[in-house]
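**Student:** What follows is a protein structure lacking sequence information:
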C-alpha cells in the first residue's frame, strides 16, 4: 500500500506537474468506499485499498480479508489451476479441466495443501497431454490422408515435407513430455503419502485436529479381565 501511495505521488508530481502539497492532498483525498466494497477481489489494487485505509482502516482490513477468502476459494475449487491452462477462458475448457481435477480428487482424497497442489499438477499435466495428443492425431492423420490420395492418383507418394515432419515430431515429443511429467508427479504424490509418518495418540482425553475438537476415550478392559 505504501509503495502504491508513493507511485501515485510520483505520477501526480512528475507526470501531471503538481506540487508536492497538491499531490499529497489529491493522493490523500479519501475514497469511494462503497465502490471498493462492491469491486470483485481480483480487480482490487493496492492503491484502492490504500485510499480506503486512509478513511476507514477497519473497512480496508475487511476488504483485504475478503480478497484472502476469495483467493482461498479459487484455489480450493480448482479454478486457480484451471485459469493457468486456458488461453482464451472458454467455458467448456474450464468444465473439462475441472472434471479431470475432480476425478483425481475423488480417487486420491488429498490430505492437506501439498497433496492438493500435486493433484492440481496431475490434472494440468494430463490436460496438456490430451491437448498435444489431439494435435498429434490431426497432424499425423492429415499426412496419412495426403499419402493415400497420392497413391490413388499417382501410384506413389512423397515423404512429408520438413515442416510437416517437424510438426508431427514436436507434437509427439510434447505428448511424451507431459506423460512423463504426469508419471513423475504421481510418484511424488505416492512417495509423499508413503513416507509421511503416522501419528499415534495414546492416553489423551481431548485433542484438536485441524478445526475439529475430538474427544478420545481410553478403552477399558472387560470386567472379567480385571484381577
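**Tutor:** Cool, got the structure. A quick note: this is a predicted structure, and the numbers were derived from the prediction, not measured.
**Student:** Tell me, how many residues neighbour residue 53?
**Tutor:** Using other C-beta atoms under 10 Å, residue 53 is surrounded by 19 other residues. Placement of C-beta: from N, CA and C, glycine included.
**Student:** Leaving out sequence neighbours, find the closest residue to it.
**Tutor:** Closest residue to residue 53 apart from its sequence neighbours, by C-beta to C-beta, 6 or more residues apart in numbering: residue 60 at 3.7 Å.
**Student:** What of residue 110?
**Tutor:** Closest to residue 110 by C-beta to C-beta, 6+ apart is residue 116, at 4.4 Å.
**Student:** so the one you found touches residue 108, yeah?
**Tutor:** No - with contact defined as C-beta atoms under 8 Å, residue 116 and residue 108 do not form a contacting pair (9.3 Å).
**Student:** what are the ranges of the strands in this structure?
**Tutor:** Taking DSSP state E as the test, the strands found in the chain are 206-209, 212-215.
**Student:** looking at these, which has the lowest confidence?
**Tutor:** Ranked by mean pLDDT, the strands of the chain bottom out at strand 212-215, which scores a mean of 52.
**Student:** Break this protein into its domains for me.
**Tutor:** 2-76, 79-195 (automatic domain parsing).
**Student:** Can you check the pLDDT for residue 199?
**Tutor:** Model confidence at residue 199 (pLDDT) stands at 57.
**Student:** residues near residue 127, how many?
**Tutor:** 20.
**Student:** do you know how far residue 55 is from residue 62?
**Tutor:** 13 Å (C-beta to C-beta, to the nearest Å).
**Student:** oh, I was asking about residue 119
**Tutor:** 32 Å.
**Student:** With neighbour numbers in mind, choose between those two.
**Tutor:** Taking other C-beta under 10 Å, residue 119 and residue 62 do not tie; residue 119 has more neighbours (22 against 13).
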